[in-house]
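Engineer: structure of the sequence below:
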Amino acid sequence: MSGHEQTGRRVPWREANPEAYAELKRTWGVIGHSSVLMVLSLSLIGTSLTLGYLDWPGGLETSVRLGASGAAVGCGAVGLWRMVGALFRSVRVVGSSRRRCAVPDG
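Structural biologist: The predicted model follows:
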């Protein structure tokens, strides 16, 4: 007999699936950090564009702008990669916990 059948009250999902809930908390933490990387990428893009208005010698300006643009692409790519992976992981965790709940205890 499940906890719901014994007490007559509905058991919250996070109490019924503590492992899945812990994995979702970790996953959403990764998504939060990935969002920070994406914002940093946008900031670096703005920095690269702003450097074009400064009056620096040609080679120095080009080097700094290329460095900022490269860092922006790197931060954006890592942030997007981690975010997509975390979203897929969270969908997989929720799906597997629902399948376990749907299977009766033989």
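
Engineer: now the helix or strand containing A72: mean pLDDT?
Structural biologist: For A72, the element it lies in under DSSP states H and E is helix 58-102. What helix 58-102 shows for mean pLDDT is 86.

Engineer: now it: how far from the chain's centre is it?
Structural biologist: How far helix 58-102 lies from its chain's middle: 7 Å, per CA atoms, centre = their mean, to the nearest Å.

Engineer: elements contacting that helix?
Structural biologist: Contacts defined by 3 or more CB pairs under 8 Å, 6 or more residues apart in numbering; DSSP states H and E place helix 58-102 against helix 18-51. Where C-beta positions appear, they are placed from N, C-alpha and C, glycine not excepted.

Engineer: ok now the helix it packs on, how far from the chain's centre?
Structural biologist: Counting by CA atoms, centre = their mean, helix 18-51 is centred 6 Å from the centre of its parent chain.

Engineer: what angle sits between the helix holding A72 and helix 18-51?
Structural biologist: 160 degrees (axes from the mean of the first three to the mean of the last three CA atoms, to 10 degrees).
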